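Novice: build me a model:
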Amino acid sequence: MINKNKIFFSIITVFLLLVINGSTGFSSSSTEDVDYDPLVDVHLTFTLEKIRSLEKDDNHVNSREYIDRFSDPDFYMKVWINDEFFKSPVWKNTKYIYNPDWQITANVPDDEEIVDIKIQLWDWNIGKDTICDISSDNTLFQDAYDIELMYSIKYGVWWGDDCTSISDPISMDPSGYGRLNGCDDGSIYQRDRDVELWFSLSQTDPDGDGVPYWVEINEFNTDPLVDDSQRDDDGDDIPLWWEYYWGHEDGYNYHQDSYYHEWVYHPFEWNDHKRLDPDNDALTNYEEYRTSQWGSDPFRQDLFVEQDLMESGPNGEEISFPEGSKELLRTVFDRQNIVFHLDDGCMGGGGELIPFDDLTGYYELQDYYQDYFLHNDNGNWRKGVFHYGLVIHEAEHAYGFVFRHNSYQISVVGMEKKNLLPWTDRDVVYASAYMHELGHTLGIFHGNTPGCDDQESKYPWELNWWKWRPYKSVMNYGYTYLMLDYSDGSRGKNDFDDWNRLDLNYFQL
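Specialist: Numbering: from 1, shown residues only. Sure thing, here's the model as predicted:
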């Protein structure tokens with residue numbers, strides 16, 4: 001005879017368990033007896049994308065190397081995945097490593113959600129290697145220099161010393177997701193072996209859309225054997241892969257001692273991505289999606305500049321912009337977590353050669369803007385995304401000036417004249433002038449910053465040279481061509497805090 005009471009209480013018990021398990025949202029637990037991907041044996045892959053030294057000298061200006069006192073750094077990496085140790089080759093005598101082609105893969109348990117990861121960056125030396133700083137930890141212990149992460153094979157995301165926190169500004173990672181910055185511990189103007197490191201983590205995924213099996217089955221109701229990355233079911237012009245990757249947020253439930261997961265940008269819920277700009281860098285989420293192939297992050301500020309050069313002249317007049325100047329510009333902005341992206345031909349728009357002109361006037365610059373930046377398309381999407389910085393032979397009015405809200409030029413003739421001075425460095429001269437004019441397109445000018453563009457502050461014998469000495473910025477003519485930085489306002493009277501007053505939206509006016 002069937003015991004009806006036992007059946008009833010069994011049903012109630014199952015119901016209560018379902019309610020309890022679902023009450024915390026997408027709760028994360030390592031005790032679930034489940035294969036998170038029954039289609040494959042799960043492997044976790046760490047991919048190194050680039051390494052850049054961020055070190056500087058005592059005067060807060062040039063990027064003189066002090067990770068290694070005898071050469072440029074000899075970088076190598078140590079990575080642990082669930083205590084399995086991996087070590088990279090040594091990249092000798094280089095401050096900048098791009099596309100290093102180093103990737104490691106570890107077999108991880110399919111029935112345990114969390115994978116523990118530790119990342120360290122070292123400088124090889126004869127006798128004793130030194131660890132480099134890629135962390136925001138400001139303590140003095142050695143583990144303050146490394147990164148510890150927890151990766152979820154259930155959700156395909158990670159958190160810890162690197163994370164993306166969309167709705168909680170207190171826990172937000174200022175350097176961005178998949179990017180580490182040793183300056184985040186406040187050591188921007190100290191020798192602390194600061195480095196930025198870009199990486200990615202991924203797991204085995206049969207359909208190649210980047211979304212793990214568990215999420216496809218339990219959250220998105222998509223086919224784990226079909227590439228769904230380009231789907232846009234909610235019609236907001238952003239594909240599924242971007243909303244999945246950037247729209248995810250994790251949090252910690254202190255009452256239940258567990259992590260929970262949710263999507264602030266859910267791939268099946270419409271968002272106004274053509275208006276949303278959570279990091280206030282003038283790029284909407286839609287524009288962040290279009291520039292994601294170049295490393296943009298919707299929750300960390302990005303600065304895009306398109307650079308075109310004039311052709312060399314008939315009499316051997318060479319028009320160029322030093323590679324060292326480009327690296328200096330990247331470094332000075334990247335330290336502040338405003339990632340500098342220079343399109344010199346690497347992003348499909350810059351690098352065009354403008355016909356040589358021995359003396360360029362204001363109206364000719366306007367023609368260059370229409371022909372080579374907009375390509376005679378006033379609706380060109382790059383107009384609201386990229387600043388436009390020309391390098392020409394010589395201009396009628398000045399060595400450099402802004403000719404539109406988003407456009408400026410510097411002249412090679414002017415830069416080489418400044419480079420003749422015995423106390424200048426060619427890379428710094430070009431980068432400093434370029435950064436000065438770019439600063440105007442970011443909202444810094446004489447009208448709101450009296451120490452900026454004061455003609456009487458250029459040389460020690462000028463009237464205001466001493467007055468503006470505390471304003472240690474490329475916007476101050478007393479420092480232009482000699483250094484590379486905006487001021488932080490820390491020097492008292494007659495200093496101005498450029499970095500915190502930059503208006504990344506100004507160039508769109």
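Novice: for Ser258, grab the count of nearby residues.
Specialist: Ser258 has 15 neighbours, counted by other CB atoms under 10 Å. Placement of C-beta: from N, CA and C, glycine included.
Novice: confidence score at it?
Specialist: Looking at Ser258, its pLDDT reads 76.
Novice: gap between it and Ile114?
Specialist: If you measure Ser258 against Ile114 using CB to CB, to the nearest Å, the figure is 11 Å.
Novice: and stretch 487-499, average pLDDT?
Specialist: 97.
Novice: can you list contacts of it?
Specialist: With CB atoms under 8 Å, 6 or more residues apart in numbering as the test, stretch 487-499 has contacts from 336, 439, 444, 449, 451-452, 467-473, 475-476, 486, 500.
Novice: now list the buried members of those.
Specialist: 336, 439, 444, 449, 451-452, 467-473, 475-476, 486 (16 or more other CB atoms under 10 Å).
Novice: farthest-separated two in those residues?
Specialist: Comparing every pair within the buried ones among the contacts of stretch 487-499 by CB to CB identifies Gln336 and Lys467 as the most remote, at 26.3 Å.
Novice: and for Trp158, the neighbour number?
Specialist: Here the neighbour count serves as a burial measure; for Trp158 (other CB under 10 Å) it reads 22.
Novice: which helix or which strand is home to it?
Specialist: Trp158 belongs to strand 157-160 when assigned by DSSP states H and E.
Novice: so in that sheet, which strands flank that strand, and in what orientation?
Specialist: Partners of strand 157-160 in the sheet, by DSSP bridges, are strand 147-152 (antiparallel).
Novice: got the buried residues for the strand it pairs with?
Specialist: Ile147, Leu149, Met150, Tyr151, Ser152.
Novice: what bridges to His261?
Specialist: When bridges are called by DSSP bridges, His261 pairs up with Phe26, Asp250.
Novice: how near is the most centrally placed residue in the chain to Gln120?
Specialist: Relative to the mean C-alpha position of the chain, the nearest C-alpha, by CA atoms, centre = their mean, is the one of Val339, at 4.1 Å. Between Val339 and Gln120 the distance is 23 Å, computed by CB to CB.
Novice: surely Glu364 is in contact with Asp358?
Specialist: No - judged on CB atoms under 8 Å, Glu364 makes no contact with Asp358 at a distance of 11.5 Å.
Novice: quick one: low-confidence parts of the stretch 151-300 of the chain?
Specialist: 165-171 (pLDDT under 70).
Novice: where do the helices sit along it?
Specialist: Ranges of helices within the stretch 151-300 of the chain are 213-215, 240-247, 285-290, based on DSSP state H, counting those that start in this stretch.
Novice: need those in a markdown table (columns: mean neighbour count).
Specialist: Converted to a markdown table, the helices of the stretch 151-300 of the chain look like this (neighbours: other CB atoms under 10 Å):
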| stretch | mean neighbour count |
| --- | --- |
| helix 213-215 | 23 |
| helix 240-247 | 22 |
| helix 285-290 | 22 |
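Novice: any chance of TSV for those helices, columns distance to Glu416?
Specialist: Formatted as TSV, the entries for the helices of the stretch 151-300 of the chain read as follows, by distance: least, CB to CB, whole Å:
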stretch	distance to Glu416
helix 213-215	57
helix 240-247	44
helix 285-290	36
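Novice: go through these and name the closest to Gly178.
Specialist: Distances from Gly178 to each of the helices of the stretch 151-300 of the chain were compared using CB to CB; the shortest belongs to helix 240-247, at 9.8 Å.
Novice: starting at the chain centroid, how far to the closest one?
Specialist: 17 Å (CA atoms, centre = their mean, to the nearest Å).
Novice: ok, and what's touching that helix?
Specialist: Around helix 240-247, the neighbours that count as contacts under CB under 8 Å, 6+ apart are 164, 166, 177, 209-211, 215, 220, 222, 228-233, 263-267, 271, 288-289, 292, 297-299.
Novice: kindly write the ChimeraX command that selects the buried subset of these.
Specialist: Buried members of the contacts of helix 240-247, identified by 16+ other CB under 10 Å, are gathered into one ChimeraX selection as follows:
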select :164,166,177,209,210,211,215,220,222,228,229,231,263,264,265,266,267,271,288,289,292,297,298,299
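Novice: quickly list the domain ranges of this protein.
Specialist: For the chain, the domain assignment from automatic domain parsing gives the residue ranges 43-203, 301-508.
Novice: centre of the chain to the longest one, how far?
Specialist: For domain 301-508, the distance from its own C-alpha centre to the chain's C-alpha centre is 20 Å (CA atoms, centre = their mean).
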